[in-house]
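Engineer: model this:
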Amino acid sequence: MTEYSETPREKTERMYQMMSYRLMVLIEKNQKIHGYKLREQLKLCYPKFVENFELAQGNRALIYHCLHTLKHARLIESQEAIKGKRQRIVHYTITERGKVWLQNVINQKVLDSLRRKNQ
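Structural biologist: Sure, this is the predicted structure:
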């Protein structure tokens, strides 16, 4: 019997799906949250996931790519604010469409299995 080995592309796709699910859970939980805080919440809630995908070493691009994808799919919305003279902060909130999507995922037990894996 031959073992199946996922391709680098499949692994990347799986990684983005896992990140998307986790981000949606955190955005819904927090109702309004900015990117840096999301990153910190990921480290707290999913330490093994963060370690595996090297987010702890500063690879923020993965988070923001996923946020952009979720925003493009109209699952989340963003709102920009200026803090101080130069710092731009983007807050993310879940849309009604995003709530329905997340509920469908929960109904399929995907999120439950992800949570069990990381607890």
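
Engineer: isn't residue 90 right up against residue 83?
Structural biologist: No. Between residue 90 and residue 83 there is no contact under C-beta atoms under 8 Å: 10.9 Å. In short, each C-beta sits where N, CA and C put it, glycine included.

Engineer: higher neighbour count, the two?
Structural biologist: Using other C-beta atoms under 10 Å as the criterion, residue 90 and residue 83 rank with residue 90 on top: 15 against 9.

Engineer: check which helix or strand covers that one.
Structural biologist: For residue 90, the host element (DSSP states H and E) is strand 87-94.

Engineer: quick check: mean pLDDT across that strand?
Structural biologist: The average of the pLDDT scores along strand 87-94 is 88.

Engineer: now the angle from the helix or strand just after it to strand 87-94?
Structural biologist: Following strand 87-94 in sequence order, the next helix or strand is helix 96-107 (DSSP H and E). Here helix 96-107 runs at an angle of 60 degrees relative to strand 87-94 (axes from the mean of the first three to the mean of the last three C-alpha atoms, to 10 degrees).

Engineer: what comes up buried for helix 96-107?
Structural biologist: Across helix 96-107, burial judged by 16 or more other C-beta atoms under 10 Å covers 98, 101, 102, 105.

Engineer: pretty sure residue 62 is in contact with residue 18, am I right?
Structural biologist: No. At 10.4 Å, residue 62 and residue 18 do not qualify as touching, with contact defined as C-beta under 8 Å.
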